[in-house]
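> Provided below are the primary sequence and the corresponding predicted coordinates.
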Amino acid sequence: MNLTQRVHAVTGWLFAPASDYGIAVRWFLRVLALIYFSAFASLGVQITGLAGEQGILPFGTALESLRQQAGTTAYWQFPNLFWIDSSDLSLKAAAVAGCLFATLLLFNRLPRISLAALFLLYLSLFHAGQIYMNFQWDYLLLEAGFLALLLSMNASRLVVWMFHWLLFRLRFESGIAKMLSGDETWRDFSALRYYFETQPLPHRGAWYAHHLPEWILAPGVGLVLFAELLVPFLLFLPRRFRLFAGMVTLLTQLLILATSNHNWFNLLTIALCLFLFDDRALGRVWPFGRHPGSPPGIPEAGPSGRGRPGRWFTGLSAAVIFAASSALLWGLASQQRLPHAMNQAVNAVRAFGLTQRYHVFPTIRTERLEVELQGSADGLRWRRYDFRYKPGEPAMPPAFIVPHQPRLDWMMWFVTLSLPMNARWLEGLVQRLFENAPPVTALLASNPFSDAPPRFIRAEVFRYRFTTPEEKAETGNWWVREPAGPLLPMPWVNPAAVAVTPGGQAFSAPRPPPPARRSP
């Protein structure tokens, strides 16, 4: 067999129908439709407060700045539909359109058009949300959504393998990041002693998990490391190993769902696991997955996009994604910077959301510090701004909010981790509270200054811990909190914006400009 024949044999095998994964293909696309719907609906009620004209980080302002700095190359560096119009109406319309296309996909109407539209709309909102969308579940949804588009065009062995590669990177990179971070809690198996209490948005299940005995929590850390460092390699081995890898991954994701609010992240990871189970395995759970009356629009396993153009597009896309993601994986594992030319090429791919680096909780906080924003009209009496989901009142039960992702509540968790990194959006939030901007105050559970905005706003830090079972039985509270001091002074805050009040330092409301003098 000469070289040409070998190439034809390899490409023929790669582009052959993944005939053993008909049930997985059909049900993955349906689950993806539900996840897309959840993501767009969650964003739809927040996007104007985060990135609208009166939002914390107005995207229109950011686009204009990018255009001035980078010129026409900005369109490729930040590909999104909002270059045309970034008004509040356009931001909301993108979220609504996403929900509509997700519904079409769910009911198997125009699946390829719907998947292309969903990817483009979410990519646009991904860039519009700026730091509020800079999370691994957003990357994962974009990558999975693009692969799903390829799947709708050509449900081949190559595309199924790319789903395996995506799941491998998600799991293995998360594991290796934990080992390379130097975090002692992963190395001494004490991570779960702190994780449930200090994670960004726990729910009730976290309180119960936090009080499990050490002989359960320590092996739990071992299970996490086993599932992230060793199990991912089983994805590329024969069937029985893949089935085992799928079961272990499903177990860990269900345990996380039972103890954490991570929006649709774990649900999407579970959906990716479908490609570890062939029809023989899934048919035992869902024997009607391939009945003759199944809808024809969603492919069962055969190639829906026939011909050379479809194969070229699928092959080229897979090659680019594999090359860029391999470079990122090498950089993470070796702890070395990528060469400049390679880094530029990888960033060009990342701009389209097609390859990212995953590192789920590489470090664990050992205490919970919460920032509380307070406003005052006179600098003496202070009233608290309550958030919808992050810990506030000790008696407030931690809510289960999967698959919703409250972006502002989540970002508040990072303030005490790195003040300089969060300076810009935090100052933007304070500025909008001084203005009583309706899109921003709508993100909060309550606005204590709905009649008139405050003159001063301060940030106080409180230390939180879960109550013990005895404390909860006595008080009914879920949390115990104690003051840890003011967040101010902050070296990155403009000193002119800080006022000394009888109650301490605080942001002061911007003074209105003096009236213009009339010429005589």
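Yep, that arrived. Numbers count the residues shown, from 1 in each chain.
> Can you list the low-confidence ranges for the protein?
1, 3, 5, 7-8, 10, 287-307, 488-520 (pLDDT under 70).
> Not including adjacent chain positions, what is the nearest residue to the residue nearest the centre of it?
In the chain, the C-alpha nearest the mean C-alpha coordinate belongs to Trp137, at 3.0 Å (CA atoms, centre = their mean). In space, and not counting its chain neighbours, Trp137 is closest to Phe265: 4.0 Å by CB to CB, 6 or more residues apart in numbering. Yep, even glycine has a C-beta here, placed from its N, CA and C like the rest.
> The one you found: what's it in contact with?
Listed by CB atoms under 8 Å, 6 or more residues apart in numbering, the contact partners of Phe265 are 136-137, 140.
> Can you tell me which of those residues is closest to Trp330?
Gln136 (18.9 Å; CB to CB).
> The closest one and Val45: what is the separation?
22 Å (CB to CB, to the nearest Å).
> neighbour-wise, which of those two wins?
Neighbour tally, Gln136 and Val45, criterion other CB atoms under 10 Å: the higher count belongs to Gln136, 17 against 14.
> can you pull out the helices in the stretch 401-520 of the chain?
Here the stretch 401-520 of the chain has its helices, by DSSP state H, counting those that start in this stretch, at 407-412, 419-435, 438-441, 469-475.
> Including distance to Leu118 and mean neighbour count, could those go into TSV?
What follows is the helices of the stretch 401-520 of the chain, written out as TSV (distance: least, CB to CB, whole Å; neighbours: other CB atoms under 10 Å):
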stretch	distance to Leu118	mean neighbour count
helix 407-412	19	21
helix 419-435	27	18
helix 438-441	25	18
helix 469-475	43	12
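> Arg169: which of the ones you listed is closest?
Nearest to Arg169, of all the helices of the stretch 401-520 of the chain, is helix 407-412, at 23.1 Å by CB to CB.
> packing partners for the helix or strand in which Thr48 is found?
Thr48 is located in helix 47-51, with elements delineated by DSSP states H and E. Here helix 47-51 touches helix 88-106, helix 111-128, helix 407-412, helix 438-441, going by 3 or more CB pairs under 8 Å, 6 or more residues apart in numbering; DSSP states H and E.
> need the contact list for Ala51.
Ala51 makes contact with 57-59, 91, 128-130, 132, according to CB under 8 Å, 6+ apart.
> For these, which ChimeraX command selects only the ones that are buried?
Applied in ChimeraX, the following selects the buried portion of those according to 16 or more other CB atoms under 10 Å:
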select :57,58,59,91,128,129,130,132
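> Strands of this protein, start to end?
368-376, 383-384, 456-466, 479-486, 498-501, 504-508 (DSSP state E).
> what packs against the third one?
Read it as strand 456-466. Using 3+ CB pairs under 8 Å, 6+ apart: strand 456-466 touches helix 191-198, helix 204-210, strand 368-376, helix 419-435, strand 479-486, strand 498-501, strand 504-508.
> could the helices and strands packed on helix 47-51 go into TSV alongside distance to Asn477?
Output for the helices and strands packed on helix 47-51, formatted as TSV (distance: least, CB to CB, whole Å):
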stretch	distance to Asn477
helix 88-106	37
helix 111-128	38
helix 407-412	20
helix 438-441	27
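> Please work out which of those is packed deepest.
Mean neighbours per residue, mean count of other CB atoms under 10 Å, is largest over these for helix 111-128, with a mean of 23.
> quick one, longest helix in this protein?
Counting by DSSP state H, the longest helix found in the chain is helix 308-334.
> Look at stretch 183-202 and report the distance between its end residues.
Chord length of stretch 183-202, first to last residue, is 21 Å (CA to CA, to the nearest Å).
> whoops, stretch 76-86 was the one
Using CA to CA, one end of stretch 76-86 lies 17 Å from the other.
> Now for the spatially closest residue to Leu250 that is not a sequence neighbour: which residues touch it?
Nearest residue to Leu250, sequence neighbours excluded (CB to CB, 6+ apart): Cys273, at 5.6 Å. Each residue near Cys273 by CB under 8 Å, 6+ apart is listed here: 167, 246, 249-250, 253.
> same thing with Leu32?
105, 144-145, 148, 268, 271.
> Tell me how far it lies from Phe172.
Counting by CB to CB, the gap from Leu32 to Phe172 is 22 Å.
> do Leu332 as well
10 Å.
> Comparing these two, which shows the higher neighbour count?
Per other CB under 10 Å, whichever of Leu332 and Phe172 has more neighbours is Phe172, with 21 against 18.
> Looks like the more buried one contacts Leu230 (just checking).
No - if you go by CB atoms under 8 Å, Phe172 and Leu230 don't touch, sitting 9.2 Å apart.
> Now Glu173: closest residue in space, sequence neighbours ignored.
That would be Tyr358: by CB to CB, 6+ apart, it lies 4.4 Å from Glu173.
> What is the burial count for the one you found?
23.
> Then the one 10 residues further on?
Per other CB under 10 Å, the neighbour tally for Arg368 reads 21.
> List the beta-bridge partners for it.
Going by DSSP bridges, Arg368 is paired in beta bridges with Tyr464.
> Now flag whichever of the contacts of Cys273 is closest to Arg240.
For the contacts of Cys273, the nearest to Arg240 is Gly246 (10.7 Å; CB to CB).
> now the closest one, nearest residue through space, not along the chain?
Leu276 (3.5 Å).
> How about Arg463?
Leaving out its chain neighbours, the residue that sits closest to Arg463 by CB to CB, 6+ apart is Ala484, at 4.6 Å.
> so who does the one you found touch?
With CB under 8 Å, 6+ apart, Ala484 has these contacts: 369, 461-463.
> go on, Thr468?
Contacts of Thr468 (CB under 8 Å, 6+ apart): His211.
> Just want to check the distance between it and Trp13.
Using CB to CB, Thr468 is found at 60 Å from Trp13.
> Verify the stated contact: the residue nearest to Glu173 with Tyr139.
Yes - using CB under 8 Å, Tyr358 is in contact with Tyr139, at 7.3 Å.
> Looking at the helices and strands packed on strand 456-466, which is nearest to Leu234?
Closest among the helices and strands packed on strand 456-466, using CB to CB: helix 191-198, at 23.1 Å.
> That closest one - contacts with which helices or strands?
Judged by 3+ CB pairs under 8 Å, 6+ apart, the packing partners of helix 191-198 are helix 184-187, helix 204-210, helix 214-229, strand 456-466.
> Return the most buried member of those.
Sorting the helices and strands packed on helix 191-198 by mean neighbours (by mean count of other CB under 10 Å), the first place falls to strand 456-466, with a mean of 20.
> now that one, how far from the centre of its chain.
25 Å (CA atoms, centre = their mean, to the nearest Å).
> Alpha carbons of it, in PDB - could you do that?
Only the C-alpha atoms of strand 456-466 are listed here, as PDB (Å, rounded to 0.1, in the frame of the first residue of the first chain):
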ATOM      1  CA  PHE A 456     -21.400  57.700  50.200                       C
ATOM      2  CA  ILE A 457     -20.800  54.000  49.500                       C
ATOM      3  CA  ARG A 458     -18.300  51.800  51.500                       C
ATOM      4  CA  ALA A 459     -17.200  48.200  51.200                       C
ATOM      5  CA  GLU A 460     -17.000  46.200  54.400                       C
ATOM      6  CA  VAL A 461     -15.400  42.700  54.600                       C
ATOM      7  CA  PHE A 462     -17.000  39.900  56.700                       C
ATOM      8  CA  ARG A 463     -15.600  36.500  57.600                       C
ATOM      9  CA  TYR A 464     -18.200  33.700  57.100                       C
ATOM     10  CA  ARG A 465     -18.300  30.100  58.200                       C
ATOM     11  CA  PHE A 466     -21.000  27.500  58.200                       C
END
